[in-house]
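A.B. asks: Using only what follows, build the 3D model:
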Amino acid sequence: MAPYPQGPPASRRVSKRSVSEIQKLRVGTFIEPSTGERFRRTFTLRLPLRRRSVQAALNGNGTSTNTAILPVFSDQQSISERSHAVAHNLRAGVVRGFQWLNSPTGRGVLKCTLAYTIASLATFLAPISDFLGKPDGKHVVATITVYFHPARSAGSMIEAILIAIVAVAYAQVVSILSMCTSVLFGNVWGNPALAHTLVLVVFIGGGFGFIGWLKQTMNNPLVNVGSTLASLAIIGVVTKETAVLTSVFSNQKIIQILKMLAMGITTTTVVNLLVWRVSAVHLLRQSMTKTSTALGDMLAMITHGFLSGAEDELLSKEFNAASAAYQSAYPQLTKNLREAKFERYLLGQEKIYQLDRAVVKSMETLAQSIGGLRSAANTQFALLKESFEQADQPPLSPRMQRAASTILKSGKDRSLVLQAIREASDEGDDDDDRVPPESDTHRSDVSTVPSFRNSGEIFELFIALLGPSMKSLAYTLSEVLRDPPFGSAPKYEIMINDQFRQSLTDALGLFNDARAKALHELYKHLEMDRTRSEQIQADFEEVAAACGHFSFSLQSFAEEMQKYLDVLDDLKHESQFKRRSWHWLVWWRSKHHHSRFFPALPYNQVPEEQEGLIRPIKKTAIPKGIPDSMVQRRDTYNWEAAKSQSSRVVATLSQKLLRFMRRLARDDVRFGLKVGIGAILWAMNAFIPQTRDTYQHWRGEWGFLSFMIVCSMTVGAANTTGWARFLGTMIGAGAAYVNWNVTQGSALGLIVLGWLMAFWSFWMMIARGQAPLGRITLLAYNVSTLYAYSLSQKVDDDDDDEGGMHPIIGEIVWHRFIAVTAGILWGLIVCRLIWPISARKKFQQGLSMLYLQMGLIWKRGPLAILLRSDCSRSYLKSGEMTALKKYAARLDALRASAVSEFELRGPFPAAQAGRLMQCANRLLDAFYAMSLVTQRRGHLTEGERALLLYTAEERKALCDRICHVFQVLASSLMLEYPLTDAIPSVLGQRDKLLAKIFRFRKEHMPCRTLQSISVDADRDRDRDSVTAAGRANSYVTAASSFGQGADGSWNNSLRGSIDDSLENGSSGGNIINIDNNNNNNNNNNNPLAHVTVEERDYALLYAYALVTGQVAEELSEVAREIEGLFGVLDKESILLQ
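C.D. replies: Numbers count the residues shown, from 1 in each chain. Next up is the predicted model:
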């Protein structure tokens, strides 16, 4: 066997490392966050087992042995054992039941049931019933407690009260105006047909159309409830009562509805505030703690996975659980922040709310940094996998083949390569003795590795050098995040440790020193070890850049943590003084007036040059799809093309008319119009003499209300709501029929059974999360049972068809069921036939625009902007990533609605759409990871600037190629067209960039000048071309193919000067021309002639290449998903038919 010119095989060299040495590397110096003390002992990033059990118990996952269910039907059990098991299970069930009732969810259900029972007394108690007057419909009091239920925070209750007041006022105005119009035109002027027409068009069409527009515009659950409440009040006066129909003014029903609304809202408010009151501020504190803990767990596991080189850590159940915990906590965080705003503003704590908002913003930034850190870790995993899989490919060289095969043959040896920071067991944490702090010094034997044979050895050296410091910083960060920033209930006082800030600063300082030394040592090895073949030099440097990329991402996360702690300190200081102010009452004051009292906080500051550039979609809006700029261009390009042939007057009038029609074609306007049209077509049956009796007999007002509830923005949402209302109506009507016959109309029996029915319904709404089904079930029961009881109490109503004083419950239930079902069907017909808004189409357009937007963002040039702005700007604008993330979240909501849409083409491909969204989220993480590399660079070194200018054309071509692929994929999604099998490759352009870097390195070797380039060029032309078996070979091939022309000049050379490139501000920078015929002049004018380039200067470009590799892989995955959906066009496809 031939000797190893680069040293012994990796397996032999790794095996020389003793177990004691590896154990010493596991022991590191870390800073205890709570005390700031330094310890040197074995520690773990994983959550200890005892803390996991406690946390599981706190989350409700732990099961006590006293309440465990015992098996009853077992062959080995005797009769006495089975009896004991049954008794034990009964006791356990009762105990768990009481525990659940004492939980926040159980208390919420009990509060709602109590409020409903109290509100139902307005029908059952004669004094309250007499106070509400003779007309029927007194069950509306209980109905209000179903919609505005008290199982909400105090802040949400304040918002609900404000919305209810606006809804009641709007309903009263519409009712009074419609009645006045009917009296004026029908009675005074003697034209009842015109009066009814005006009422239908203006007050029903316009009034309910405005409600529909408001629902879509606000897109707020409480606004939807308020809209239903206003619809209920208007329907009861305009279509049910005879005053408007007979053109007679009567305020009896208006006053009764006003009393019922006030009574219902008051009942809900009193129960909410006096019985187990829940504060939105406390809920915000809880969600902050959960979010912080989840972020700490994810940080620890990502860092542990990087140190161990095992991707399994990020695929484990623990990591998925931590990620799921954050995904569930974040929506609650934003919801509780909104509700806490009402509480803070009411109590005059505006500044505290501003700080609460800053804390939430900082947590959003930390979560984005976690995504960037995970993206950097995935880069390492991909490179390691590529390194270990190279043995299955044609060999780059005999030596490389032997090195790769040696690693792959022994799983044991492979595990030793990256186990320098292998975690210790949880049980051994307390047994390690604390020792005095020692200075972290790099072992000399670690830095004497003779040479690298594969990528894994580079990671091994890097982890041996920086692993302990990286693990120490991750430990400090994760422990700070896991430590609850707020105290326990009921006060939830802020308990942030003042030592955390200093401990984090010390840990970050140690990490920065160790990082600088480790990277210096790593690049020194790469510089000194020149015995390897040139073909794999770029691969090794790419791996080294991956190490630096992850360490820099961790450093960036630590810096964001410092801002997070600063905001918590400000919040703690402000909470201690609690200075009150109500400046929000003077809302008409200028923005400058408010800025005097609320100075800019962290995460609220926007650079002056970026103000007004970021316009994310509104918090309450759904994705628009095709933007207005594209629509405007579609509408004007024909007139611009035929400018010389068309009349200017005609063009102007046409454009104005088209713009007006476009405004009417907006989603919110179209939705309001179709709701108004549907309301007119339904309510006209109450005004037409031939259909009026049928409308009243079948209780058409309940069908009208069902229509307003079912009408939703998208067809999928309407289908979901309609199905839930249909099932709820069946269940509620059946329960009403049974309960009435069981109690024979007894008030006491109906109250008891109504309490049970309300408990089940609210359990469905709050505990099971099926709000539409639970709400409609109770409303159907309410409108049948309470209405039947009110008929038996001699109310004023034309109710002879339903039994009068002797209600026929079967007729009552049947009429309500038919009316509700008809209203549901009418709502579905209107949503489907009149300007349908498909969630499928919205998702498809929104996802296409998201991909296209990402392509345009990348086209800015993540590195080119560093040259143009002198490192003062990032390619991601302020707030842009947050807007993209929120846009993606709204697309996920549309995806859920699209599942409920039925089309003849088949069901919605939910699985494929989910994978496309996962790719989009991973792409966003990669984008943010790239921004971390660029946004905090104070300046460019001379070598980095020279590299960026030298590779300007290749980077521009790579950015253009990525943008092109994004556009192709977005167009295919938008048009549902199949892709061709000729999608341009991103990796090809990336390899050209790496090849250009490779050539730059050759030309800037130590003791070399630009005069020697022509000699190297002659040698390169005489060198035989290598095979394209591996990517490293393609670097040299690409470099020789475009590096020099036949005349010896550079085809892709740099022209001009650095200053000229910055002034021109082109995306790719400018190129500097070097002519071999004028070397002397070039040495004087060419800024690259005498540039000193260090190894670390290459890290920026290699990190850029790593992220582009991730982007290319995700784009390939998106292309595969699109091909699976729409197919592929090949050269034999026949399209002209």
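
A.B. asks: Next one: the most centrally placed residue in the chain from P623, what distance?
C.D. replies: Residue closest to the mean C-alpha point of the chain, counted by Cα atoms, centre = their mean, is A889 at 4.1 Å. The spacing between A889 and P623, counted by Cβ to Cβ, to the nearest Å, is 10 Å. (C-beta placed from N, C-alpha, C; glycine too.)

A.B. asks: next one: S556
C.D. replies: For S556, the distance to P623 - Cβ to Cβ - is 30 Å.

A.B. asks: same question, A87
C.D. replies: Separation of A87 from P623 (Cβ to Cβ) stands at 57 Å.

A.B. asks: who has more neighbours, those two?
C.D. replies: P623 (19 against 11; other Cβ atoms under 10 Å).

A.B. asks: ok, now which ones touch the closest residue to P485 other than its chain neighbours?
C.D. replies: Spatially, and ignoring its direct neighbours in sequence, P485 is nearest to I496 (5.1 Å; Cβ to Cβ, 6 or more residues apart in numbering). Going by Cβ atoms under 8 Å, 6 or more residues apart in numbering, I496 touches P485, L565, L568, D569, K572.

A.B. asks: circling back to that earlier point, beyond the helix or strand the residue nearest to the centre of the chain falls within, next helix or strand please.
C.D. replies: Element membership for A889, per DSSP states H and E: helix 880-898. Once the chain leaves helix 880-898, the next helix or strand it forms, by DSSP H and E, is helix 910-935.

A.B. asks: pLDDT of the helix or strand following that next one, averaged?
C.D. replies: For helix 910-935, the following helix or strand on the C-terminal side (DSSP H and E) is helix 942-950. Across helix 942-950, pLDDT averages out at 87.

A.B. asks: list the buried ones in stretch 1125-1134?
C.D. replies: L1125 (16 or more other Cβ atoms under 10 Å).

A.B. asks: what do you get for stretch 112-121?
C.D. replies: C112, T113, L114, A115, Y116, T117, I118, A119, S120, L121.

A.B. asks: Dump the C-alpha coordinates for it into PDB.
C.D. replies: Taking Å, rounded to 0.1, in the frame of the first residue of the first chain, the C-alpha atoms of stretch 112-121 are listed here in PDB:
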ATOM      1  CA  CYS A 112     -70.300  31.400  31.100                       C
ATOM      2  CA  THR A 113     -72.900  28.900  32.400                       C
ATOM      3  CA  LEU A 114     -73.600  31.200  35.400                       C
ATOM      4  CA  ALA A 115     -74.000  34.300  33.100                       C
ATOM      5  CA  TYR A 116     -76.400  32.400  30.800                       C
ATOM      6  CA  THR A 117     -78.500  31.100  33.700                       C
ATOM      7  CA  ILE A 118     -78.800  34.600  35.100                       C
ATOM      8  CA  ALA A 119     -79.700  36.100  31.700                       C
ATOM      9  CA  SER A 120     -82.400  33.400  31.200                       C
ATOM     10  CA  LEU A 121     -84.200  34.600  34.300                       C
END
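
A.B. asks: Contact partners for F908?
C.D. replies: Contact analysis of F908 by Cβ under 8 Å, 6+ apart lists R840, A898, V899, E901.

A.B. asks: helix, strand or coil for the residue located most distally from the centre of the chain?
C.D. replies: Residue farthest from the centre of the chain, counting by Cα atoms, centre = their mean, is G190 at 59.8 Å. Put simply, G190 is coil when judged by DSSP: H, G, I helix; E, B strand; the rest coil.

A.B. asks: Give me the pLDDT value at it.
C.D. replies: pLDDT at G190 comes out at 86.

A.B. asks: so what's the backbone phi/psi at it?
C.D. replies: Dihedral pair for G190: phi 70, psi 40, per degrees, to the nearest 10.

A.B. asks: do you know how far it is from V199?
C.D. replies: On the measure of Cβ to Cβ, G190 and V199 end up 16 Å apart.

A.B. asks: what's the answer for L258, then?
C.D. replies: 20 Å.

A.B. asks: Quick check on these two: which one has the bigger neighbour count.
C.D. replies: Between L258 and V199, counted using other Cβ under 10 Å, V199 has the larger neighbour count: 26 against 17.

A.B. asks: Let's verify that one: helix, strand, or coil?
C.D. replies: helix.

A.B. asks: how about it, what does it touch?
C.D. replies: S178, T181, S182, V238, V244, F687.

A.B. asks: wait, what's in contact with the third one?
C.D. replies: Okay, so that is S182. P192, A195, H196, V199, A243, V244, L245, S247.

A.B. asks: Tell me the pLDDT of the closest residue to Y928 other than its chain neighbours.
C.D. replies: In space, and not counting its chain neighbours, Y928 is closest to G372: 4.5 Å by Cβ to Cβ, 6+ apart. At G372, the predicted lDDT confidence score is 85.

A.B. asks: Which of the helices or strands spans G372?
C.D. replies: Assigning secondary structure by DSSP H and E places G372 in helix 350-389.

A.B. asks: roughly how far out does that helix sit from the chain middle?
C.D. replies: Distance of helix 350-389 from its chain centroid, counting by Cα atoms, centre = their mean, to the nearest Å, is 13 Å.

A.B. asks: Between helix 910-935 and that helix, find me the angle.
C.D. replies: 100 degrees (axes from the mean of the first three to the mean of the last three Cα atoms, to 10 degrees).

A.B. asks: circling back: pipe the buried residues of stretch 112-121 into TSV and attach distance to E944 and pLDDT per row.
C.D. replies: Shown next, in TSV, are the buried residues of stretch 112-121 (distance: Cβ to Cβ, whole Å; pLDDT from 0 to 100):
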residue	distance to E944	pLDDT
C112	63	94
T113	67	95
L114	68	95
A115	66	94
Y116	69	94
T117	73	93
I118	72	93
A119	71	92
S120	74	91
L121	77	91
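
A.B. asks: Rebuild those as a markdown table, extending it with secondary structure and distance to G1124.
C.D. replies: Listed next are the buried residues of stretch 112-121 as a markdown table, based on DSSP: H, G, I helix; E, B strand; the rest coil; distance: Cβ to Cβ, whole Å:
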| residue | secondary structure | distance to G1124 |
| --- | --- | --- |
| C112 | helix | 46 |
| T113 | helix | 50 |
| L114 | helix | 53 |
| A115 | helix | 51 |
| Y116 | helix | 50 |
| T117 | helix | 55 |
| I118 | helix | 57 |
| A119 | helix | 54 |
| S120 | helix | 55 |
| L121 | helix | 60 |
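
A.B. asks: which one among those residues gets closest to L299?
C.D. replies: C112 (39.3 Å; Cβ to Cβ).

A.B. asks: right, and that closest one touches R152 too?
C.D. replies: No. Contact status for C112 versus R152: not in contact, 9.6 Å apart, counting by Cβ atoms under 8 Å.

A.B. asks: tell me the mean pLDDT for stretch 829-849?
C.D. replies: 90.

A.B. asks: my bad, should have said stretch 755-775
C.D. replies: 91.

A.B. asks: mind checking the SS state of the residue nearest to P485?
C.D. replies: coil.

A.B. asks: residues in contact with the residue nearest to Y928?
C.D. replies: S553, S556, D925, Y928, A929, S931, L932 are the contacts of G372 under Cβ under 8 Å, 6+ apart.

A.B. asks: any idea which of those has the most stuff around it?
C.D. replies: In those, the most neighbours by other Cβ under 10 Å go to A929, 29 neighbours.

A.B. asks: Isn't it up against V1107?
C.D. replies: Yes. Applying Cβ under 8 Å as the test, A929 and V1107 come out as touching, 6.0 Å apart.

A.B. asks: what touches both of these two?
C.D. replies: S375.

A.B. asks: shouldn't E1123 be in contact with T980?
C.D. replies: No. E1123 lies out of contact with T980 (Cβ under 8 Å); the separation is 9.9 Å.

A.B. asks: ok, V1091 to M854 distance?
C.D. replies: 34 Å.

A.B. asks: Could you do H583 as well?
C.D. replies: 40 Å.

A.B. asks: In terms of helices and strands, where is the closest residue in space to Y326 that isn't next to it in sequence?
C.D. replies: Taking Cβ to Cβ, 6+ apart, and ignoring the residues beside it in sequence, Y326 has A294 as its nearest neighbour in space, at 3.9 Å. Assigned by DSSP H and E, A294 belongs to helix 280-308.
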